[in-house]
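[1] Predicted model and sequence below, questions to follow.
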Amino acid sequence: MSFQMKYRLGKELPGGEAPVRSAVAVSLWALALLVLLPGLLLPSGGTRLSVALVAQAAVVAHTGVALVRVLTATTVRLVALGFWVFAYIWLGLAPLAQLATDTYPWPYRTGQGTALTAVAVVELGLLAHTAGAALAARRERTRTAASSPGPVERLLSRRLAPWRLLSLCGLALALAVLLVPGQPGGVSAYFTSRQALHEAGLMDGSGDAFVAALRSWSLSVPAFWALAGLLHVPRVPGGDRVLRGVRRLLLPLLLALNVVVNNPVSKPRFWVGTVLMALLFSVPRLCRPRAFRAIAATLMATVLLVFPYSDYFRYNDREQFTVVSLSAQFTANGDYDAFQQVQTGVDLARDEGFAPLNALGPVLFWVPRSVWPDKPDDTGIALAHYAGYDFLNLSAPLWIESYLWAGPPAVAAVFFLLGAAGRRMDDVRHRLRGRTGTLAALLVPAFAFYQMVFLRGSLLGIVGPLTLLLAVPLLITTRSARAPRPVPSAPPAAPTRPAQIPGTGGHP
């Protein structure tokens, strides 16, 4: 008579260690994210208590708990990190400060009913995302070693093709030789503030601005992927000497090129952050859970404390830094207008109704307006016109973008699919972590952090660069010769032979 030994998560198992969350880490992160930071944002006196504010506290709790789970996880979940960092800060903390003080970055104001609806729309998206991720995680747990790889795994298991990569490197350098001197101002234009570029008509939405943006992204994205690919290409001892020699030659050239075309002066902060984080996770040691948790903690601190001041290079007149409280940043800085834009969109939908055909705009972004005169406007611009603003460079979070298509069902569907896809990407990357040069190692970190731009919107404004970001790595990879052998999520437990009842013998 015998029984199979089963273990839940524990510190020591006969067959090795099973990963566990640290109770201390969970407690400290929960204290910081659920108590201290929200407490700092609420004014000591004069808090405007409302139903919307109470509901927003539930959103903060939801996003905070989800972020604690990611920050203390025993596996590296990059896509989940990017999503929940954005949700916690831009749609959790910032709206909490705005509702508590009734102060917003832009002049448009709505009623309490609209504010409560906006909170509900945000929470609906978060719940749908959580449900999608939970379903994907459940399917992953039921996976067996004999399971055939799904479409996401087959896609992400593609391997870098060295000679395709070298062709991309040559293309990036050739484009630099052709486009950088042709740019008005030459190399110095890439170190010119975005305000100056606006004043020169290169970022104002005109035909010249479109050509300038196309030229800029056609150079910066290939240059980034060429450098990232060189860092990821497998280096086998005794391998191709020619390839190793060319790689040593190209690395400094591409590093210098990226300093020019992907610097924080002329490029958006989210893009620069994507480049830096993706290159950071090119280092194998930094992809381990302990290093990931340290980097994630640093990222949280950076986004909270440094990001609000990182637009220093955006303007010509660079005044001395004025450090203000987090609450003041969230209520006065236009970088945190996401919740206010959701409120504006709720009013827009109430007055003008939903527009399902607008969902075709981002999908068919490449169709010129001369061919499609009724092509939908950028949602951020549409919201700016509705609110009566003269300035049009505003965000349109994915929550309100999908809400304007078809209301709550569209929000639920979009975020359910996004949650399932994100969890699937994280799980496949984890399973393929022992293989070098895979598309998972290249693409997942880049998407995880550029996801913040995708979530902030507007879609029509970022879908072009996003398409280029996703397409280039596909072109420099090839199908894996064989289906990847799954890597177990945790070291195997005890041997499979049964343990006998005490007193009748047992394992030595």
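    Looks like it came in fine.
[2] could you show me where the strands are in this protein, in order?
    Secondary structure of the chain (DSSP state E): strands at 2-3, 159-160, 477-478, 499-500.
[3] Sketch out the low-pLDDT regions of the chain for me.
    1-19, 45-46, 144-147, 182-186, 188-189, 191-214, 235-240, 310-323, 481-508 (pLDDT under 70).
[4] which helix is the longest one in it?
    As assigned by DSSP state H, the longest helix anywhere in the chain is helix 112-141.
[5] How far does it sit from its chain's centre?
    Distance of helix 112-141 from its chain centroid, counting by C-alpha atoms, centre = their mean, to the nearest Å, is 17 Å.
[6] Mind giving me the packing neighbours of it?
    helix 51-71, helix 78-88, helix 94-101, helix 338-352, helix 398-406, helix 408-431 (3 or more C-beta pairs under 8 Å, 6 or more residues apart in numbering; DSSP states H and E). All C-beta spots, glycine's among them, are computed from the backbone N, C-alpha and C.
[7] tell me the angle of that helix relative to helix 94-101?
    Between the axes of helix 112-141 and helix 94-101, defined by axes from the mean of the first three to the mean of the last three C-alpha atoms, to 10 degrees, the angle is 160 degrees.
[8] Compute the inter-axis angle for helix 112-141 and helix 398-406.
    100 degrees.
[9] List the buried residues of helix 112-141.
    Judged by neighbour count (16 or more other C-beta atoms under 10 Å), helix 112-141 contains these buried residues: 114-130, 132-133, 136, 140.
[10] Then stretch 23-37?
    29, 30, 32, 33, 34, 37.
[11] Output that stretch as PDB, restricted to C-alpha atoms.
    Extracted in PDB, the C-alpha atoms of stretch 23-37 (Å, rounded to 0.1, in the frame of the first residue of the first chain):
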ATOM      1  CA  ALA A  23       6.400  36.700   2.200                       C
ATOM      2  CA  VAL A  24       8.500  39.600   3.200                       C
ATOM      3  CA  ALA A  25       8.700  41.000  -0.400                       C
ATOM      4  CA  VAL A  26       4.900  40.500  -0.900                       C
ATOM      5  CA  SER A  27       4.300  42.400   2.400                       C
ATOM      6  CA  LEU A  28       6.600  45.300   1.600                       C
ATOM      7  CA  TRP A  29       5.300  45.800  -2.000                       C
ATOM      8  CA  ALA A  30       1.700  45.600  -0.800                       C
ATOM      9  CA  LEU A  31       2.400  48.200   1.900                       C
ATOM     10  CA  ALA A  32       4.100  50.500  -0.600                       C
ATOM     11  CA  LEU A  33       1.600  50.100  -3.500                       C
ATOM     12  CA  LEU A  34      -1.600  49.700  -1.600                       C
ATOM     13  CA  VAL A  35      -1.100  52.000   1.500                       C
ATOM     14  CA  LEU A  36       1.900  54.400   1.300                       C
ATOM     15  CA  LEU A  37       1.700  55.700  -2.300                       C
END
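[12] can you start the count at 415 instead of 1 from here on
    Happy to do that; since the first residue is 415 now, the last one works out to stretch 437-451.
[13] I'd like the helices and strands packed on helix 526-555 written out as CSV, with mean neighbour count and distance to residue 860 added.
    Compiled in CSV, the helices and strands packed on helix 526-555 are given as follows (neighbours: other C-beta atoms under 10 Å; distance: least, C-beta to C-beta, whole Å):
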stretch, mean neighbour count, distance to residue 860
helix 465-485, 20, 18
helix 492-502, 25, 9
helix 508-515, 25, 25
helix 752-766, 22, 22
helix 812-820, 25, 18
helix 822-845, 21, 11
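[14] quick one: which of those is nearest residue 863?
    Among these, helix 492-502 comes nearest to residue 863, with 5.3 Å by C-beta to C-beta.
[15] by contact count, what packs against the closest one?
    Helix 492-502 packs on helix 465-485, helix 526-555, helix 703-719, helix 822-845, helix 853-870, going by 3+ C-beta pairs under 8 Å, 6+ apart.
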